[in-house]
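1. coords please:
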Amino acid sequence: MKVTIELIDELRSRVNVTYDEAKRTLEKNDGDLIKSIIELEEKKGAKVAGTVKTNNKDGFADFVDKVLQLRFSIKSKEGEVLINVPLVLVALTFLMAFWVVIIGLAIAILYSCNIKIYKAKKFTNVSDIKQNFKQTVNKVKTTTERIFDNNEEVNITTNNKDDDNEITIE
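-> Below you'll find the model as predicted:
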């Protein structure tokens, strides 16, 4: 069946989609309006239910990933890497200790070092940080549960000899 402008407008009014999406769906279903409506509603229902994976990241997480991807590198004349850190770390150091960064850059320039700001291909992103944090929390949790499940006695003693703030756990 031929896809007409009337079919596209009807589909758009019923399912609230773009012109292009309505046209593609109608062409895919050979101009069958009912099949197209069902397909588009299933897609929308899957998006609402969260079963469709989208490539859009959280805006803040995407911003942090882009910031972590920028690196600051200083290499000596021989090519030895002296400093290779995220640019955000250099910026924070610049804000907190202005003179340290200025003096460091002056020394690097005097010794003819190669100073470079670049976009790293491999970098730690927000999802990696979250995953590492979860793994660490789970390790601590299982270890503490194992300690308390063994019903081992924990002896806490304080030494009043030299330091009143010292506590020894055996």
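2. pull the longest helix from the chain.
-> As assigned by DSSP state H, the longest helix anywhere in the chain is helix 126-149.
3. residues in contact with that helix?
-> Residues outside helix 126-149 that contact it (CB atoms under 8 Å, 6 or more residues apart in numbering): Ala61, Val64, Asp65, Leu68. No exception for glycine: its C-beta is placed from N, CA and C like everyone else's.
4. okay, those residues in JSON lines with neighbour count and pLDDT next?
-> Output for the contacts of helix 126-149, formatted as JSON lines (neighbours: other CB atoms under 10 Å; pLDDT from 0 to 100):
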{"residue": "Ala61", "neighbour count": "14", "pLDDT": "77"}
{"residue": "Val64", "neighbour count": "16", "pLDDT": "80"}
{"residue": "Asp65", "neighbour count": "17", "pLDDT": "80"}
{"residue": "Leu68", "neighbour count": "19", "pLDDT": "82"}
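5. out of these, which are inside helices?
-> Reading helices off the contacts of helix 126-149 with DSSP H, I get Ala61, Val64, Asp65, Leu68.
6. still on that earlier bit, buried set for the longest helix of the chain?
-> Applying a neighbour-count criterion of 16 or more other CB atoms under 10 Å, one finds Val126 buried in helix 126-149.
7. Relative to Glu42, which of the ones in helices among the contacts of helix 126-149 is nearest.
-> Set against Glu42, the nearest of those by CB to CB is Ala61 (28.5 Å).
8. Check the residue nearest in space to the middle of the chain and give its pLDDT.
-> Nearest residue to the geometric centre of the chain (CA atoms, centre = their mean): Val126, 2.3 Å. Predicted confidence (pLDDT) at Val126: the value is 70.
9. same check, this time on Asn159
-> So Asn159 comes in at 52 (pLDDT).
10. And the one 5 residues further on, by the same measure?
-> The predicted local distance difference test score for Asp164 is 55.
11. now do Ile117
-> You'll see Ile117 listed with a pLDDT of 91.
12. In three-state terms, label the residue nearest to it when sequence neighbours are not counted for me.
-> Spatial nearest neighbour of Ile117, excluding adjacent residues (CB to CB, 6 or more residues apart in numbering): Phe72 at 5.5 Å. Assigned by DSSP: H, G, I helix; E, B strand; the rest coil, the conformation of Phe72 is strand.
13. quick one: contacts of the helix or strand hosting Ile83?
-> Using DSSP states H and E, Ile83 sits within strand 81-86. Applying CB under 8 Å, 6+ apart, the contact partners of strand 81-86 are Val67, Leu68, Leu70, Arg71, Phe72, Ser73, Ile74, Lys75, Ser76, Ala108, Cys113, Phe123.
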